[in-house]
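**Q** here are the coordinates; sequence isn't available:
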C-alpha cells in the first residue's frame, strides 16, 4: 500500500466512526417518533419543493445564451446556499419575546440585499463576458479595434 491509499483508508475509517457516533446519538437521545417525523418532513421537502425548484431553474437557465449559462447557474447555486443558511434566522427560529437582543436584525431584508448583490455580480460578469465576446468577434471579422475617420481621397485634395 502506498501513502495515498493509507491516507484514504484512514479518512474512510474516521468518517465511519463519526457516522457511528452520530447514529448512536440519534438512537440514544432522539425519540423515534420525532426522528421519523423529521425524516419524513425532509423527504417531502426534498421531493415537493427542492426537486421542482431545481428543475424549473434548469429549464429557465436553458433560455439564457449558452455562454452565460454557467454564470447564471453559479449565481443560482450561491443564492440557494445563502438562502438555505439564512432561512432559520429569517423565520425567527430561536427568537424570544423576553430577550429582544436575540436575533435583533431585519434578516429578511438583509437576505434580500445579499441576493441582490449576488444577482448584480452575476449580471456584471455576464455583461463583461458579452462585451469581451463582441470584441473578439469584431477582431475576427477585421472590424475590431478603434475606428478612424476615413482618409480624404487624393482626388478631393487636388481640387
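**A** Arrived safely. Computed from a predicted model, the values in this text were never measured in an experiment.
**Q** any regions of the chain where pLDDT drops low?
**A** Across the chain, the ranges flagged by pLDDT under 70 are 142-150, 156-159.
**Q** report the buried residues of stretch 48-60.
**A** If you call a residue buried by 16 or more other Cβ atoms under 10 Å, then stretch 48-60 has these buried ones: residue 57. Any C-beta I mention is one placed from the backbone N, CA and C, and that applies to glycine too.
**Q** the longest helix seen in the chain packs against which elements?
**A** Longest helix in the chain, counting residues (DSSP state H): helix 107-141. Applying 3 or more Cβ pairs under 8 Å, 6 or more residues apart in numbering; DSSP states H and E, one finds that helix 107-141 makes contact with helix 69-90.
**Q** any idea how far the helix it packs on is from the middle of the chain?
**A** 4 Å (Cα atoms, centre = their mean, to the nearest Å).
**Q** got the angle between it and helix 107-141?
**A** Here helix 69-90 points in a direction 170 degrees away from that of helix 107-141 (axes from the mean of the first three to the mean of the last three Cα atoms, to 10 degrees).
**Q** and the contacts of helix 69-90?
**A** Defining contact as Cβ atoms under 8 Å, 6 or more residues apart in numbering, one finds that helix 69-90 is touched by 57, 61-62, 64, 94, 103, 107-108, 110-111, 114-115, 118-119, 121-122, 125-126, 129.
**Q** residues of that helix that come out buried?
**A** By 16+ other Cβ under 10 Å, the buried positions in helix 69-90 come out as 71-72, 75-76, 79, 86, 89-90.
**Q** hmm, back to that, ok, of the contacts of helix 69-90, which come out buried?
**A** Buried, going by 16+ other Cβ under 10 Å: 57, 61, 107, 111, 115, 118, 122, 125-126, out of those.
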